[in-house]
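Enquirer: 3D model of this:
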Amino acid sequence: MPEGFVLSLRSRAAFGRWLAALAIVLATAACSGLPQNVERPESRALPASDVADTPLARIAQERRQAAGARTTSGFVLLSGPQDAYGSRLALVDAAQKTLDLQYYAIHADASSERLLRGVVAAAQRGVRVRVLLDDFHSTGRNALVMGLAFQPNIEMRMFNPVAGSRASMVGRLWGSITDFSRVQQRMHNKLFIADNVMGVTGGRNLGDAYFGQADSGNFVDLDVLAAGPIVAEMSRSFDTYWNNPRAYPVQSLITREELARLREQTVGRYQRAGPQGDGPGTQAPDDGPSEAGGPRPPDGEPRPAGSGPTAEQRARVWNEQAMDLGSAAFVWAPAVLLADRPAKIAAEGEPASIRSTPPGTALDVRGPSTRSSTPGEGPRRAASAAPPAAPLQPSAESAAAGDTVVDGLLHLLGQARQDLLVISPYFVPGDDMKRAFADARARGVRIRVLTNSLASNDAPIAHVGYARHREELLSMGIELYELRSEQAGVKSAFGSSGASAAGSSRAMLHSKVLVLDGKLLVVGSMNLDLRSQLQNTEIALLIQSRTLSRKASDQIEAAMREASWRVERAEDGGLVWRAPEGSGLQDARHDPDASAGLRLLLQLLGPLAPDHLL
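Expert: Below is the predicted model of the structure:
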């Protein structure tokens, strides 16, 4: 999602409260800098020889042999919240050597409580745990997740920290203002890796709204469970961030005593939800991740209720079952990992992107009319820490030749010959994106894009950046679809997940997917917007598989047909939203399901919101 300091414009608080807080900050607050001379002991993923006899390695080998696959990397699409959650539970339970977690946000709610309790249990049985978390959301109750760092056998680092008090939205806001350029650059990558053998990547953060457990609104998302050599490349990307100077050990940012005081400030006024124990009513230990309350930071992430997880939420979460990895339907296929380097705006001479290809991989996305040529030795921006990559066809190398993950995907669009399906929850195309689309259309490529409607967007202010390009995109011949959701009102304009607006749960699109010519599937953390292209770091898997591409395409096309508004030009030159098939709804002449007040507010704010900050 489009993240950074500007998400203060999308918080649940009213815009007036935001301005008032800003005024107080400018008048009274002082900025405390980040710690200096921080020790960061280097560590890296275990080599394949050290994990070859783990249960997960044996499962991967057995599944590959059962499939008779010659390709050594396997993948499972995790499109449903139960599979997404169950796969992570299974990885935590099965891990014997290492667990590496890299996330933009971890919410202190019921889903994370159970998952992180499993992580602590893994550490207690001797698993080495490393948790790398972007620092933007670690305020109030969510800051208590940092208590993991004080558990034995767990290391935790915060990426690109924001100065200021973690108990105060005002203090963090001031820290953002005084270091605006740096704070704009956030680590948006998502990785969940066990034993350097299996791992999950995609769009989901960790929290109830990503696993279908939130009462106010839930994200429609997509992850991939990967097994085999591609996971070593995922681990290589993790290590690059873990050992980067922007990753600060938690102990350099907050002490155990300060965390305890923060705990008192944020949860002291709420009654604990249940007795101590090992069931659905458990509470986290003193430094644990599950407590509730406290001020909400200025961001667009969905928030659990201020009193913390309810007994009902905990019961639902603890009823979830771990995936049976031994019977998982892996599809074995060639794949490439794209990852931005930690310094998204790289120093001169330093590559900004990483391309990792497992040994023995040959990825070919050429169309049938593309002339073959001699394979090269991989793109010039391959990571220096990576082993020699297997040769790729030059047409496939284009995906890894860009300065960033999004640039690489734009290069990849140049290989499309027939059909391009895109899901981007926040779709704010810059000039080079529009050129790539226009070039593809000139070659006769059909392009269909599914994004959020104004009503389904958890950050409606970001919708402005898409809406201002809507007519131009339609003029190119691009087919636009917007996910249908419940009624959205003015209160949701600054980041509400929808409960205050509609009074009921709603669906919000969060998947980031491309399907190229029915044979190449891209799943990652990136949006097709300027924030993902220029500022946030991202990661993506490119999987050459007609089977997975067809499965993803079927899901996307069903969502377009049955759950989305199709935006078209009306005869009078305006826009018309065609109702979803079988919905019984009437076509609309303005953003459907959104109140007049919300539409007017965004029209007023639109000229003040530049594309690159959305």
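Enquirer: surely residue 523 is in a strand?
Expert: Yes. With DSSP: H, G, I helix; E, B strand; the rest coil as the criterion, residue 523 is located in a strand.
Enquirer: read off the pLDDT value for it.
Expert: Confidence per residue is given as pLDDT, and for residue 523 that number is 98.
Enquirer: who touches stretch 466-482?
Expert: Residues external to stretch 466-482 that are found in contact with it (Cβ atoms under 8 Å, 6 or more residues apart in numbering): 426-429, 434, 437-438, 441, 446-454, 456, 559-560, 564-569, 575, 577, 591, 602, 606, 611. Where you see a C-beta, it was placed from the backbone N, CA and C, and this is true even at glycine.
Enquirer: in helices, which of these fall?
Expert: For the contacts of stretch 466-482, membership in helices holds for 434, 437, 438, 441, 559, 560, 602, with DSSP state H as the criterion.
Enquirer: out of the residues you listed, flag the one nearest to residue 230.
Expert: Taking Cβ to Cβ as the measure, residue 230 sits nearest to residue 559 out of these, at 27.0 Å.
Enquirer: by pLDDT, give me the weakest of the ones in helices among the contacts of stretch 466-482.
Expert: Within the ones in helices among the contacts of stretch 466-482, the minimum per-residue pLDDT falls on residue 602 (79).
Enquirer: and the closest residue to that residue other than its chain neighbours, what's its pLDDT?
Expert: Leaving out its chain neighbours, the residue that sits closest to residue 602 by Cβ to Cβ, 6 or more residues apart in numbering is residue 464, at 5.5 Å. According to the per-residue confidence, residue 464 scores 88 in pLDDT.
Enquirer: looking at the ones in helices among the contacts of stretch 466-482, which is nearest residue 190?
Expert: Distances from residue 190 to the ones in helices among the contacts of stretch 466-482, taken by Cβ to Cβ, are shortest for residue 559, at 21.3 Å.
Enquirer: what sits against the nearest residue to the closest one once chain neighbours are set aside?
Expert: Sequence neighbours aside, residue 450 is the residue nearest to residue 559 in space, at 6.4 Å (criterion: Cβ to Cβ, 6+ apart). Residue 450 is in contact with 421, 422, 423, 424, 481, 482, 483, 509, 556, 559, 560, 564, counting by Cβ under 8 Å, 6+ apart.
Enquirer: in PyMOL, select just the buried ones from those residues.
Expert: In PyMOL, this line selects whichever of the contacts of residue 450 come out buried by 16 or more other Cβ atoms under 10 Å:
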select buried, resi 421+422+423+424+481+482+483+509+556+559+560+564
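Enquirer: for stretch 188-206, what is the average pLDDT?
Expert: On average, the pLDDT along stretch 188-206 is 98.
Enquirer: what's the span of it from first residue to last?
Expert: From the first residue to the last, stretch 188-206 extends over 12 Å; the measure is Cα to Cα, to the nearest Å.
Enquirer: surely residue 186 touches residue 535?
Expert: Yes. Shown here, residue 186 and residue 535 form a contact pair, counting by Cβ atoms under 8 Å, at 7.2 Å.
Enquirer: on that earlier part again, show me which of the ones in helices among the contacts of stretch 466-482 are buried.
Expert: Buried among the ones in helices among the contacts of stretch 466-482 (16+ other Cβ under 10 Å): 437, 438, 441, 559, 560, 602.
Enquirer: max pairwise distance over those: which two?
Expert: Pairwise distances among these were taken by Cβ to Cβ; the largest, 28.3 Å, belongs to 441 and 602.
Enquirer: what strand or helix carries the residue lying closest to residue 453 once chain neighbours are set aside?
Expert: Nearest in space to residue 453, with sequence neighbours left out and distances taken as Cβ to Cβ, 6+ apart, is residue 482 at 3.6 Å. Assigned by DSSP states H and E, residue 482 falls within strand 479-483.
Enquirer: quick one: strands adjacent to that strand?
Expert: Sheet pairing for strand 479-483, assigned by DSSP bridges, gives strand 446-452 (parallel), strand 564-569 (antiparallel).
Enquirer: would you mind finding the most buried of these?
Expert: Each of the strands paired with strand 479-483 was assessed for mean neighbour count using mean count of other Cβ atoms under 10 Å. The highest is strand 446-452, with a mean of 22.
Enquirer: can you name the element that comes right after it?
Expert: For strand 446-452, the succeeding helix or strand toward the C-terminus, using DSSP H and E, is helix 460-467.
Enquirer: tell me how far that next one lies from the chain's centre.
Expert: Helix 460-467 has its average C-alpha position 19 Å from the chain's average C-alpha position, going by Cα atoms, centre = their mean, to the nearest Å.
Enquirer: now the ones in helices among the contacts of stretch 466-482 in JSON lines, with distance to residue 550?
Expert: Conversion of the ones in helices among the contacts of stretch 466-482 to JSON lines gives the following (distance: Cβ to Cβ, whole Å):
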{"residue": "434", "distance to residue 550": "28"}
{"residue": "437", "distance to residue 550": "23"}
{"residue": "438", "distance to residue 550": "27"}
{"residue": "441", "distance to residue 550": "23"}
{"residue": "559", "distance to residue 550": "15"}
{"residue": "560", "distance to residue 550": "15"}
{"residue": "602", "distance to residue 550": "37"}
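Enquirer: among the residues you listed, which one lies nearest to residue 338?
Expert: Here the nearest of those to residue 338, counting by Cβ to Cβ, is residue 437; it sits at 19.6 Å.
Enquirer: centroid-nearest residue for this protein?
Expert: Among the residues of the chain, the smallest C-alpha distance to the mean C-alpha position (Cα atoms, centre = their mean) belongs to residue 203, namely 3.5 Å.
Enquirer: I'd say that one and residue 190 touch.
Expert: Yes. Applying Cβ under 8 Å as the test, residue 203 and residue 190 come out as touching, 7.0 Å apart.
Enquirer: need the residues touching each of these two.
Expert: With contacts defined as Cβ under 8 Å, 6+ apart, the residues adjacent to both residue 203 and residue 190 are 223, 525.
Enquirer: ok, back up a step: could you export the strands paired with strand 479-483 to JSON lines, including columns for distance to residue 235 and mean pLDDT?
Expert: Formatted as JSON lines, those follow (distance: least, Cβ to Cβ, whole Å; pLDDT from 0 to 100):
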{"stretch": "strand 446-452", "distance to residue 235": "31", "mean pLDDT": "97"}
{"stretch": "strand 564-569", "distance to residue 235": "37", "mean pLDDT": "97"}
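Enquirer: figure out which of those is closest to residue 208.
Expert: Within the strands paired with strand 479-483, the stretch nearest residue 208 is strand 446-452; the backing value is 19.4 Å (Cβ to Cβ).
Enquirer: now the closest one against helix 460-467, angle please.
Expert: In terms of direction (axes from the mean of the first three to the mean of the last three Cα atoms, to 10 degrees), strand 446-452 departs from helix 460-467 by 160 degrees.
Enquirer: lowest average confidence, helix or strand, in the protein?
Expert: In the chain, the helix or strand scored least confidently by mean pLDDT, DSSP states H and E is helix 499-502, which has a mean of 32.
Enquirer: where in the stretch 101-250 of the chain is pLDDT low?
Expert: Counting by pLDDT under 70, the stretch 101-250 of the chain contains low-confidence residues at 168-171, 173-176, 178.
Enquirer: and for the stretch 501-614 of the chain?
Expert: Regions of the stretch 501-614 of the chain meeting the criterion pLDDT under 70 cover residues 501-505, 611-614.
Enquirer: hey, where'd the strands end up in it?
Expert: With strands called from DSSP state E, counting those that start in this stretch, the stretch 501-614 of the chain shows them at 506-509, 513-516, 520-524, 539-544, 564-569, 575-578.
Enquirer: and among those, the most buried is which?
Expert: Mean neighbours per residue, mean count of other Cβ under 10 Å, is largest over these for strand 520-524, with a mean of 28.
Enquirer: could the C-alpha coordinates of stretch 473-487 be exported in CSV?
Expert: What follows is stretch 473-487 as a C-alpha-only set of coordinates in CSV (Å, rounded to 0.1, in the frame of the first residue of the first chain):
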residue,chain,number,x,y,z
LEU,A,473,-5.9,5.3,-19.4
LEU,A,474,-9.3,4.5,-20.9
SER,A,475,-8.3,6.5,-24.0
MET,A,476,-5.3,4.2,-24.4
GLY,A,477,-7.7,1.2,-24.5
ILE,A,478,-6.9,-0.1,-21.1
GLU,A,479,-9.8,-1.8,-19.4
LEU,A,480,-10.3,-0.6,-15.8
TYR,A,481,-12.0,-2.5,-13.0
GLU,A,482,-12.6,-1.2,-9.5
LEU,A,483,-13.4,-3.6,-6.6
ARG,A,484,-16.8,-3.2,-5.1
SER,A,485,-17.2,-2.7,-1.4
GLU,A,486,-19.5,-1.3,1.2
GLN,A,487,-20.6,2.3,1.6
